[in-house]
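Student: Here's my sequence, what's the structure:
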Amino acid sequence: MKIDEMIRAVQKKLGVHADGRAGPETWGAIHQAIVKPQLKPRIAFMGSGDRANERSEEVIETLLPHVRPYARALYFNAQNDGININVISGTRTYEEQNRLYAQGRENAKQKLTNARGGYSNHNFGIAFDIGIFSGNRYLNESPLYKAVGALGMELGLEWGGNWKTLVDQPHFQLRPEWATNMSERSMLAELRRRAEVGDSYA
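Tutor: Predicted coordinates for the structure are as follows:
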């Protein structure tokens, strides 16, 4: 069997785009399937001067305190690889989530999310979205999203680019330790319960 055929077979098994070339998406999926990184690998807590740019920091500050170092680490790791990103979306209220859900369901526009308020990890401070930029120009589509996805998974973040429905390459989230063996649905149900009674999400 030729090497490209072997790569294609591996890609099909992992459920990623089967093009016969081992790029960041393929290696990220292999790493996730075989190495299975710890849920929360050690993230060096940076000094007060090691902060993302002002735009990103405004969003990062909306996240739970233990999630913020991961967002900053992704920001700097991407910069070190020559990829210019901003953290552009963080925690949302249920109302904000419902408005996003409604968009795309009016006038046959493209869907932005399948999640109503209370059914998105953004509602609980554990999820954020990034944008890739060329100078000041936001890139809605770019192969670099896959490269950043691999960097995020390396940190122990879950990446929306691996989702089977409504693939969301800008999306990253940090699963709580108590939800390690839970389905996404069960985890969100528990997050909603904790929100109602005022328990910690961590």
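
Student: ranges for the strands of this protein?
Tutor: Using DSSP state E, the strands of the chain run over 85-89, 127-134, 137-139, 158-159, 171-173.

Student: looking at those, which is closest to residue 21?
Tutor: Proximity to residue 21 (CB to CB) singles out strand 158-159 among the strands of the chain, at 19.3 Å. The C-beta positions use only the backbone N, C-alpha and C, and glycine is treated the same way.

Student: Adjacent strands (with direction) for the closest one?
Tutor: strand 171-173 (antiparallel) (DSSP bridges).

Student: Identify each buried residue in the strand it pairs with, please.
Tutor: For strand 171-173, a neighbour-count test (16 or more other CB atoms under 10 Å) marks 171-173 as buried.

Student: export those residues to CSV and tack on distance to residue 148 and pLDDT?
Tutor: Formatted as CSV, the buried residues of strand 171-173 follow (distance: CB to CB, whole Å; pLDDT from 0 to 100):
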residue, distance to residue 148, pLDDT
171, 11, 97
172, 9, 98
173, 14, 97
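
Student: Ranking helices and strands of the chain by mean pLDDT, which lands last?
Tutor: The weakest-scoring helix or strand in the chain, judged by mean pLDDT, DSSP states H and E, is helix 24-30 (a mean of 66).

Student: Quickly note the distance from the spatially most central residue of the chain to residue 199.
Tutor: The centroid of the chain falls nearest to residue 172 when counting by CA atoms, centre = their mean (1.2 Å). Noted for residue 172: a distance of 24 Å to residue 199, by CB to CB, to the nearest Å.

Student: again, but for residue 11
Tutor: From residue 11 to residue 199 the distance is 41 Å (CB to CB).

Student: picking up where we left off before, from memory the residue nearest to the centre of the chain sits against residue 74, does it?
Tutor: Yes. When contacts are counted by CB atoms under 8 Å, residue 172 is listed as touching residue 74 (6.7 Å).

Student: Domain parsing of this structure, as residue ranges.
Tutor: With domains defined by automatic domain parsing, the chain comprises 1-36, 43-197.

Student: which one of those has the lowest average pLDDT?
Tutor: Mean pLDDT values for these show the minimum at domain 1-36, a mean of 70.

Student: All the helices of this protein, residue numbers only.
Tutor: Here the chain has its helices, by DSSP state H, at 3-14, 24-30, 54-60, 68-80, 94-102, 144-155, 184-197.
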